[in-house]
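Student: I would like the atomic coordinates for the input below:
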Amino acid sequence: MKKGIIGKKVGMTQIFDEKGKVIPVTVIEAGPCVVTQKKTEENDGYNAVQIGFGDQKPQRVSKPLAGHFKKGDVAPKKTLRELRLDDISALNVGDLIKADTFAAGEKVDVTGKSKGKGYAGVIKRWNFRRLKETHGSGPVARHGGSNGACSTPSRVWKGLKMAGHLGAETVTVQNLTVAKVDGENNLIAVKGAIPGPNGGIVVIRDSVKA
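Tutor: Modelled structure (predicted):
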């Protein structure tokens, strides 16, 4: 990975290209992000930079984080993410990373947290088929059915699809195309949809498939 930035999903809209075609895009408020820590292979065993996004009031920061920001002489940030980059020689603590680090036409991977849907049954969570309600299925038309494995091995197999928590998972959409970059307003528009609700935090990286 060569570059990355933290952003906030604004929402979806559409833009027009030079030929007048409609392009559905997701708008991301990307940066400005500040480098809060620099990790090197000599000191930490790998090369990476920690970047922060979104200003935070000093009184809302824990004492360990306050000391961390004070050590780097940077203002407190709401969101911190670490990026493992191939070359970090050009970045130092306090440097700003802005939206114009990316350009239209580039391929990017966007990582975010999907919408949380709470506790869900097997039909909604795993697309199970319901039972017929004509002859004697009783009140179990939407149930998951038996999950036992008889006397051998006398346990429920790991990974069995059952009802449970749905959504709120880290999802990465790969190989998206940057449609437009507005450096003045710190906005990046990417073709297609990205994970998470509006206002959710996302991380944009150059695509591993590019």
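Student: Run through the bridge partners of the residue nearest the centre of the chain.
Tutor: Nearest to the mean C-alpha position of the chain, by C-alpha atoms, centre = their mean, lies Gly112 at 1.5 Å. Going by DSSP bridges, Gly112 is paired in beta bridges with Val171, Val202.
Student: mind listing what it touches?
Tutor: Gly112 is in contact with Lys9, Thr170, Val171, Ile194, Pro195, Gly196, Gly200, Ile201, Val202, Val203, counting by C-beta atoms under 8 Å, 6 or more residues apart in numbering. To be clear about C-beta, it is placed using only N, CA and C from the backbone, and glycine gets the same treatment.
Student: Can you list the low-confidence ranges for the protein?
Tutor: 210 (pLDDT under 70).
Student: Out of the contacts of Gly112, flag the one nearest to Lys21.
Tutor: Distance to Lys21, by C-beta to C-beta, is smallest for Ile194 among the contacts of Gly112, at 20.7 Å.
Student: That closest one and Pro24 touch, don't they?
Tutor: No. Ile194 is beyond contact range of Pro24, at 11.5 Å (criterion: C-beta atoms under 8 Å).
Student: quick one, which of the two is more surrounded?
Tutor: Ile194 (24 against 13; other C-beta atoms under 10 Å).
Student: Tell me if I am right that that one is in a strand.
Tutor: No. Secondary structure of Ile194 (DSSP: H, G, I helix; E, B strand; the rest coil): coil, not part of a strand.
Student: Is the residue of the chain most remote from its centre in a helix, a strand, or coil?
Tutor: Farthest-out residue of the chain from its mean C-alpha position, per C-alpha atoms, centre = their mean: His135, at 46.5 Å. At His135 the chain is in coil, as set by three-state DSSP.
Student: mind checking how far Gly144 is from Met162?
Tutor: 6 Å (C-beta to C-beta, to the nearest Å).
Student: about what we covered before: would you mind giving the contacts of Gly112 as a markdown table with distance to Ile188 added?
Tutor: Below are the contacts of Gly112 laid out as a markdown table (distance: C-beta to C-beta, whole Å):
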| residue | distance to Ile188 |
| --- | --- |
| Lys9 | 11 |
| Thr170 | 20 |
| Val171 | 18 |
| Ile194 | 11 |
| Pro195 | 15 |
| Gly196 | 15 |
| Gly200 | 15 |
| Ile201 | 14 |
| Val202 | 10 |
| Val203 | 12 |
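Student: more neighbours, Gly144 and Met162?
Tutor: Ranked by neighbour count (other C-beta under 10 Å), Gly144 and Met162 place Gly144 first, with 16 against 12.
Student: quick one: the strands in this protein?
Tutor: Using DSSP state E, the strands of the chain run over residues 4-16, 22-30, 33-39, 48-55, 77-83, 96-97, 107-113, 116-120, 164-167, 170-182, 187-191, 201-206.
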